[in-house]
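Asker: Here is the input, now give the coordinates:
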Amino acid sequence: QHYYITNNLSMVEQVINKVREPPNPKKIYRVALELSHQCDNVLKSTQILDETNKFSFPELFSPDNAAIRDKLRTYAERLIIPSSQFSRKGEDLIWKKVFYDVITSCRATKAHLSSPAKLPYRAHLMSAVGYYQHLLLKLQQQYHLNLCGVVDFAHDFSSSDTQVPDAILEEGISAVHRCLLYLGDLARYQAETEGINYKSISARFYHQALLICPKEGRPHNQLGTLAGINYEGLEAAYHYMKCLSSKIPFPGAGDNLKGIFNKTVSVSKDVMCSPESYPPTRRFLICFLLLADKLSGPVSMSEVDQLVRGLGGDFADCYTDNRQPFPPALVLKIVTMAIMLAENALAPGVDTVQPKLIPALVIELMTTILTVTIQQLGEKLSSPDNQFQSLQISGNVEEERSVVMLHVISTQSLLLPLKILGDWIKARHQLIAQDLTGTFWAQFGDLLNLFPHTRDLERIVKEGFSQSQQQQKIALPEDVALRGLAPLSTLHSQLEFPPMSPDLNLLDEFALRLLCLKSVGQFAAQLRPRPGLQYDLNSDLYSSLLAKPQVRSMITDRERTMKAMAHRRLQSEIKGLEYSVSANQYDSLSPFLVPVTSTVCLHLRTVKLLVATQRSVIIIPKQVIQDLDSLKKSRENHYARDAIKYFESMFKNGNWWLRGQGDQEFMSVKEPAPSPEMAGFLSVLSCCLYLANKSQGIVTLLVPDDAVSAAKNHKNCNAPNNYTGSLPSGELMELAKRYGIRVEGALEFYSKWTMSNRHGKIGRGK
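Answerer: Take a look at the predicted model:
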C-alpha cells in the first residue's frame, strides 16, 4: 500500500511539473506547421468540386475545416504571446493560412459576391478584424507600449518600473505595424461587399501604420492600391513613388507605378492631339503624370521643357474665377511628387538632362501656385462681402485686425503645399540656386507682405515657433503626411510629431504655417553673396532687389487694408446677422446673444442649438463663468458641470459662433449694487452695453422662459429643486430694457428663429 501511494504521488508531481514547464516554442511550431498543412489540403480540396470546376464554398466554411483554422490560430498565437524566436513565423501562419488564403480563394472565383456565399465570407472577415483588434491590444501589453493618440485600439501599458530594451521595443512596434496593415487590408476587402465607406477605414489603418513606422514603404503601396484611378491615377502614383523613396520600399511598388504610367501614356495621345476637348483639371493631371513618366528615363530636353511650361498654364487655368478644383491634399501630393522627381535627378551620379529640367519643374509649379495664391488672397482681403461676419470681436484693435486677416487667409488651401516647397528650398538651396530668379523672390515677397505682422502671429502660436532660431517646433498636418521624405529629414528631426505634439486648432495651424513661410523670407534675405529679398525689421515687410524698396508705401497699403477690413467686418457682422425690422414679428432676431447663468444651466441644449444655427454670435460673460465655477461645487447641481464641460470644449476648438467675453469688453453701469445677485447682473449688463455700443446692433439678453413668464404675471419665479442658483427677477430684466437691451426667453427666441427659418425669412449670408 505504501508503494502504491508513493508511486501515485510521484505521478502527480510529474504532472504538476509538466504543467509548470514553460511552453516549448519548437514543439508548438511543429504542431502549427502540421495544422497549416491540413489547412492547405482543405483549400485544395475545395478548389474543384467536380468536373464542372465549381468552387466548393460551403465545404471551405464547414465546421470541421473552420475548427482546424481556429486550432492553428490558437497554436500560432502561443508563438507570438509570449514572444519567441518563432513569433514572426506565427504571425505569418495566422495571416496567410487562417485568414488570407481563404479570402484570396473566394475573391479569385468571385464567390464572395454570390448570395449564398456572401454571409459566411463576411463573417470570416469580421472574425479576422476582431482577432487583430484583440491581438493589437495584447501586443501593446506584452511590449509595454503607449500608443494612445496614434492607433484606435490603444491603452497606456507603459510603466516606469519596466525598462524594455530598444531591440525588443523595435520588435513590438514592428508587430503592431503589421497588425495595422492586416486591419487595413481586411477593411479594403470589406469595401467590396459592405460599401465604399470601408475604404476610408482602410486608409485610416494604413496611415496609422505610417505613424508607427515612417520608414516602411508598404503602407504607401497599399494606399496606392486603395486609391485606384482617382484623379487619373495620380493619387496612386504618389503613394507608389513615396513607397519607392522610403528607407524600406515594397518590391512590387515599381511595377504598380509602371502600370499607372502605361495607362497615362495611352490616354495622353488624345490629349496632345485635341487638348481643348479636355477640361483644364483633367488635362493638367494627365500631362503631369506623363511628365513624371518621361522623367523616369532618358528624354529629350525640348519635349520635357514644353511639358513643364505647359503644366504651369494648365494649373493656373484650373484656378480661374476663384475656383478650387483640387482638394489641398491632392495639391500637396502633386508638389511632393515634383520634389521626389527633383531629388532623384539631383542625386550624385545622375548624368542626364534631368538635373537641369526637374528643379525647373518644381520652381515653375511653385511660381504658378504663388501667382494663384496672391491673386485669390488679394481679392479675399479686399472683398467687402460678408465673409467677415462670423469673426470675433476683440478689445485690442491691432490683434483684431490680425485675427481678421488670419481668418481670411485660413481659407486659402494652397498655402499647405507652399509651406512644403519653402522647406525644400531651404534644404536644397545650394543645388537649385540658379533656378531661383529675382522674379520668383519678388513674388514670394509679395505673398509674405499680405500676411499679418510676425509679432501677432507669434502671440497666437506661442510655443510652436522659435523666432530667434527661425525654427518650427510643432509638426503641421503636411509635415506628418511627408514624414520620412529624405530632403526634409533634418527639419522633421527637430519637430514634435503626434502623439507628443500638442493639439492645434485651425487658426493656430495657419498662424504657424505663415511663420514658417516668413522664415523662408528671412532665409532669402540672409543669402550671400546675392540675397533674394530685402527685409525691413520695423515694418516686417519684404521688398525685391529688382526694384527700389518702397517700404513706406507697403506699410501704408497694409495699414489701410487692415483698417478697412476691421471696419467692414464690424459692419458686416451686423448686416449679415441682423434682420430688418418690419411688421412681421420674425424679422427682428438679434445678431448678439448674451445668456445669464441660469440660462446656460437650465437651457444648455437650447444654447447648443442656437450655436448650431450659425445665425447669432453667443457671448459668454466672465460673470457667468465665475458663477458656474461656484455652482459646480454643489454635488446636486449637475447643470453647471455640464455647461463648463461644453464651454471648455468649444473654446478649445475655437468655434466662431460661441466665445467668451474679452478683457476690454465692458462698459460701466452706474447703478447701485446692494446684493451679490445685483452686482453679478450688472456685470453681465456691462458686457451687453459694450457689444451694443461697439457694433451699433441689437443685443439680446437670454433668460429662462419661466422668469419671463413670471415677470409678465408679476409673480416670483422659483428655480428647480436640483438647481442651487437663482433666476433673474422682473426688476433686473426691466433694468436691462431701460438700457436698450432686449430681454427674451431662450426657448422663445429659438422658436422665433425656427419659425422665421421655416417661412424663408432667414438665409445665411443674406
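
Asker: residue ranges for the strands of this structure, please.
Answerer: With DSSP state E as the criterion, the chain has strands at 465-466, 471-472, 533-536, 541-544, 592-595, 617-620, 658-660, 699-703, 742-745.

Asker: Any idea how many residues pack against Pro531?
Answerer: 14 (other Cβ atoms under 10 Å). The way it works is simple: take the backbone N, C-alpha and C, and place the C-beta from them, glycine included.

Asker: Out of the strands of the chain, which gets nearest to Phe497?
Answerer: Shortest separation from Phe497 across the strands of the chain is recorded for strand 471-472, at 11.9 Å, computed as Cβ to Cβ.

Asker: Ala76 touches Lys96, doesn't it?
Answerer: No. With contacts counted by Cβ atoms under 8 Å, Ala76 stays clear of Lys96, the gap being 10.3 Å.

Asker: quick one: which of these two has more around it?
Answerer: Using other Cβ under 10 Å, the more surrounded residue of Ala76 and Lys96 is Ala76, with 27 against 14.

Asker: Let me see the contact set for that one.
Answerer: Contacts for Ala76 (Cβ atoms under 8 Å, 6 or more residues apart in numbering) come out as 32, 90-91, 93-94, 98.

Asker: Same question for Lys294.
Answerer: Going by Cβ under 8 Å, 6+ apart, Lys294 touches 303-304, 307.

Asker: Nearest to Thr46 among the residues you listed?
Answerer: Set against Thr46, the nearest of the contacts of Lys294 by Cβ to Cβ is Leu307 (52.1 Å).

Asker: distance of the closest one from Leu361?
Answerer: Noted for Leu307: a distance of 9 Å to Leu361, by Cβ to Cβ, to the nearest Å.

Asker: most surrounded residue in the contacts of Lys294?
Answerer: Neighbour max across these (other Cβ under 10 Å) = Leu307, 22 neighbours.

Asker: Quick check: chain neighbours aside, which residue is closest to it?
Answerer: Nearest residue to Leu307 in three dimensions, chain neighbours excluded: Leu291, at 4.6 Å (Cβ to Cβ, 6 or more residues apart in numbering).

Asker: Next, count neighbours for the one you found.
Answerer: Neighbours of Leu291 (other Cβ under 10 Å): 26.

Asker: need the contact list for it.
Answerer: 304, 307-308, 311, 361.

Asker: Would you reformat the contacts of Lys294 as JSON lines and include pLDDT and distance to Gln85?
Answerer: Formatted as JSON lines, these follow (pLDDT from 0 to 100; distance: Cβ to Cβ, whole Å):
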{"residue": "Glu303", "pLDDT": "71", "distance to Gln85": "55"}
{"residue": "Val304", "pLDDT": "73", "distance to Gln85": "52"}
{"residue": "Leu307", "pLDDT": "78", "distance to Gln85": "53"}
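
Asker: Tabulate those residues in a markdown table, adding columns for distance to Ile625.
Answerer: Output for those, formatted as a markdown table (distance: Cβ to Cβ, whole Å):
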| residue | distance to Ile625 |
| --- | --- |
| Glu303 | 66 |
| Val304 | 62 |
| Leu307 | 60 |
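
Asker: still on that earlier bit, between the contacts of Leu291, which is closest to Asp156?
Answerer: Comparing the contacts of Leu291 against Asp156 with Cβ to Cβ places Leu361 closest, at 46.1 Å.

Asker: burial measure for the closest one, as a count.
Answerer: Count around Leu361 with other Cβ under 10 Å applied: 28.

Asker: how near is it to Leu341?
Answerer: Per Cβ to Cβ, Leu361 is found 7 Å from Leu341.

Asker: residues shared between the contacts of these two?
Answerer: Residues touching both Leu361 and Leu341 by Cβ under 8 Å, 6+ apart: Leu295.

Asker: quick one: contacts for the spatially most central residue of the chain?
Answerer: Geometric centre of the chain, nearest residue: Pro477, 6.4 Å, by Cα atoms, centre = their mean. The contact partners of Pro477, by Cβ under 8 Å, 6+ apart, come to 416, 509.
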